[in-house]
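1. Here is my input; please provide its structure:
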Amino acid sequence: MIATIAGDSRHFSDFGWLKTYWLFSFADYYAPDNIQFGPLRVFNDDVVVTGTGFPTHSHEEMEIITLVLEGEMTHKDSMNNTTVIKAGDVQRMSAGSGISHSEYNGGKSPVHFYQIWLYPEKHGLRPSYDQRSFKKEEWQNQLLPIASGQRHKNVVRFHGDATIYRGELDPGRAISYKTTEDRRIFIYLTSGDLVVNRTRLLPKYQARIDMENNLVLQAEKKSDFILIDLPTNRGWGYDKKTLRGSRF
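-> Numbering: from 1, shown residues only. Predicted coordinates:
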């Protein structure tokens, strides 16, 4: 089953310094039928203007992965990390028992990035940090694992049975991805025109996929996208913090 969500169905907020699309219930956007997809809790498509950013704030019990598409962001945290995350970079924070951090655009242009939150497999983990750079050539006409809790090498590691891939297909190119009925697949199309098992995705569309054994992704136009392989987590309920929209 492939369910699609159009780009104009995303929740949009414009704070002046931040323009953001929230794909799942987040902050003051509460949608009880759109809390999470397996352990995928947050997928935000953010643009922060230069000279601004997120002041110091705290997280706990979450794997937070940031992918920078354009521009750069300066990160500081309570573990004494100070880093610059640039286009092509992937950052992971394991918030675990608690972490504070800030993100600031000190560059000369807006920074466009995706922030992805996944529930960890274990609670009470010691907070930790990882960052890695990738070149565009590495994900051209293929799926490149960039962050994973599975058995992939040369990736940003996180605590969970999932993998985040980046891919870009030239027009007419196709790739296959094997999955099973006990997995869920999430796809977000950054740009292009992508057909997934005869289901068409246009720019900023999401595909939420269940009960499929094999996927064929074919680009009608040059297509840039994120694919996340997740466990189904059947039987997961929503705790009171999640239902109140306060688990952040």
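2. Tell me the pLDDT of the residue sitting furthest away from the middle of the chain.
-> Here the centre of the chain is the reference, and by Cα atoms, centre = their mean the most remote residue is residue 172, at 25.8 Å. Per-residue confidence (pLDDT) for residue 172: 96.
3. now swap in the one 10 residues further on and tell me
-> For residue 182, the pLDDT comes out at 86.
4. got it, and the one 5 residues further on?
-> What the model reports as pLDDT for residue 187 is 98.
5. Might you report the residue contacts of the spatially most central residue of the chain?
-> By Cα atoms, centre = their mean, the chain has its centre lying nearest to residue 116, at 3.3 Å. With contact set as Cβ atoms under 8 Å, 6 or more residues apart in numbering, residue 116 has these partners: 40, 42-44, 64-67, 164, 228. From N, CA and C alone the C-beta is placed, and that goes for glycine too.
6. Apply 10 Å and report the result again.
-> 23, 40-44, 63-67, 90, 92, 147, 158, 162, 164, 186, 188, 226, 228 (Cβ atoms under 10 Å, 6 or more residues apart in numbering).
7. any idea how far it lies from residue 24?
-> 10 Å (Cβ to Cβ, to the nearest Å).
8. Now do the shared contacts for those two.
-> Common neighbours of residue 116 and residue 24 (Cβ under 10 Å, 6+ apart) are 40-44.
9. So which of the contacts of residue 116 are in strands?
-> 40-44, 63-67, 90, 92, 147, 164, 186, 188, 226, 228 (DSSP state E).
10. residue ranges with poor pLDDT in the chain?
-> 233-248 (pLDDT under 70).
11. mind listing the helices for it?
-> Counting by DSSP state H, the chain has helices at residues 240-243.
12. Show me which pair in the shared contacts of residue 116 and residue 24 is furthest apart.
-> Taking Cβ to Cβ as the measure, the shared contacts of residue 116 and residue 24 span a maximum distance of 11.8 Å, between 40 and 44.
13. got any residues that touch both of those two?
-> 23-24, 116-117.
14. any idea which of those is closest to residue 204?
-> residue 23 (9.5 Å).
15. Can you report how many residues neighbour the nearest residue to residue 136 once chain neighbours are set aside?
-> In this structure, residue 136 finds its nearest non-sequential neighbour in residue 88, 6.7 Å apart by Cβ to Cβ, 6 or more residues apart in numbering. Neighbour count of residue 88, defined by other Cβ atoms under 10 Å: 18.
16. my guess is residue 88 meets residue 131, correct?
-> No - counting by Cβ atoms under 10 Å, residue 88 does not reach residue 131; the two are 11.3 Å apart.
17. still on that earlier bit, for the shared contacts of residue 116 and residue 24, give me JSON lines that also has distance to residue 13.
-> Listed next are the shared contacts of residue 116 and residue 24 as JSON lines, based on distance: Cβ to Cβ, whole Å:
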{"residue": "40", "distance to residue 13": "20"}
{"residue": "41", "distance to residue 13": "18"}
{"residue": "42", "distance to residue 13": "14"}
{"residue": "43", "distance to residue 13": "14"}
{"residue": "44", "distance to residue 13": "10"}
